[in-house]
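>>> A structural model of the following input is requested.
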Amino acid sequence: MATIYDVAQRAGVSPATVSRVFNGTRVSPAKVDAVRKAATELSFTPNRTARTLRTRTSEVIALVIPDIENPYFTEMARGVEDVASEAGYSVVLCNSDAQINKESTYLRIAIAEHMSGVILAPASDHTSLDEIIATGRPVVAVDRGTGYDIDGVMMANRDAGRLATEHLLQTGHRVAYIGGPEHIETSSERAEGWRAAHRAAGLAAPLELLRFSSFRVDGGRKAMEELLALPEPPDAVVAGNNLIGVGAIQVLTEHGLTPPRIGVAVIGGLPFTTLSPSAVTIVRLPARHMGVTAARMLLDRIRGDDQPARTVVLRNELQSASRTL
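Predicted coordinates:
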């Protein structure tokens, strides 16, 4: 069985350099490539158990997300995994179902299994990080804030809601907004963007056209049915996330109002639909980039970065229904 010394000799580096590569310590890219190539050729596997006993942490990070079925979060997870794998870390994917109890269980498991850190999309505004922060393990919040003084990577949510609404208002539409739960900041901030676009256009945002539901397909369906049942229904709608957009479009199609007969703007893209994408305005959210950024921030903390907590806000891009997507 190959040893660290065999890998060092094959790579032309010192055993200490091999150790630094597999411990995630900063090493030049050329040496990292040489060590990993040598390790592959020799079928060398680092002794992770011994490292865990020595450092009290494993080369594993937890990624806790609220909905594994949502392509937005799976795209983000891919970004996390790509960066972690390159650095020699494994990722444990945990689905909280937006439930505080499940989320708390996964955070306790991260502590018990000596994971090096956690990337977390909080289940709600009541998420508690007291226990894991007390252990000294780094935590990076993604998509939503936590109220704790930790690193975070967020979307420009108000801007996304404003861009989507402004585009529909420019074509003369009476625009509704369907969001997820009001207490989730991504939903409430995108709704504020909807209000801001109306104010900028010199219009009153019609409260009867504002709906908060779940972030899932059934939430979009329920809210769209309610909006169509109004005495004066909207002739356009902003969907607060991708799955809400799918549900809303399903209902519109069932009522013979397939876009572009009624204006639709979706924040986050359409993961699955038989509708031509050129019929819908999309506000693209860089989910994979969010995962990449969060993973890099977490690895920096694991390696000893002690600068004050920072929040990175990622911008989005409007792609209107008049364009081919």
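
>>> Quickly list the domain ranges of the chain.
4-40, 50-155+287-315, 157-284 (automatic domain parsing).

>>> Let's have those domains in JSON lines, adding mean pLDDT and mean neighbour count.
(Glycine included, C-beta is placed from N, CA and C.) Formatted as JSON lines, those follow (pLDDT from 0 to 100; neighbours: other Cβ atoms under 10 Å):
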{"stretch": "domain 4-40", "mean pLDDT": "81", "mean neighbour count": "17"}
{"stretch": "domain 50-155+287-315", "mean pLDDT": "91", "mean neighbour count": "18"}
{"stretch": "domain 157-284", "mean pLDDT": "92", "mean neighbour count": "20"}
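
>>> Just give the nearest non-adjacent residue to Val237, would you?
Ala176 (4.5 Å; Cβ to Cβ, 6 or more residues apart in numbering).

>>> ok so that neighbour is a strand residue?
Yes. Assessed by DSSP: H, G, I helix; E, B strand; the rest coil, Ala176 belongs to a strand.

>>> ok, it touching Asp235?
No. If you go by Cβ atoms under 8 Å, Ala176 and Asp235 don't touch, sitting 9.0 Å apart.

>>> just how off-centre is the top strand by length along the chain within its chain?
The longest strand of the chain (DSSP state E) is strand 58-65. Remark: strand 58-65 is offset 15 Å from the chain centroid, using Cα atoms, centre = their mean, to the nearest Å.

>>> Using PDB, write out every CA atom in it.
Taking C-alpha atoms only, strand 58-65 is exported to PDB below (Å, rounded to 0.1, in the frame of the first residue of the first chain):
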ATOM      1  CA  SER A  58     -12.900  15.600   9.500                       C
ATOM      2  CA  GLU A  59     -12.400  16.600   5.900                       C
ATOM      3  CA  VAL A  60     -16.200  16.800   5.600                       C
ATOM      4  CA  ILE A  61     -18.600  19.700   5.400                       C
ATOM      5  CA  ALA A  62     -22.300  19.700   5.700                       C
ATOM      6  CA  LEU A  63     -24.600  21.500   3.200                       C
ATOM      7  CA  VAL A  64     -28.100  21.900   4.800                       C
ATOM      8  CA  ILE A  65     -30.800  23.100   2.300                       C
END
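
>>> strand partners of that strand, parallel vs antiparallel please.
For strand 58-65, the paired strands and their directions (DSSP bridges) are strand 90-95 (parallel), strand 115-120 (parallel).

>>> Of all those, which one is nearest Gly161?
Gly161 sits nearest to strand 115-120 of all those, at 23.5 Å, using Cβ to Cβ.

>>> Quick check: next helix or strand after the closest one?
helix 130-134 (DSSP states H and E).

>>> Nothing else from me, thank you.
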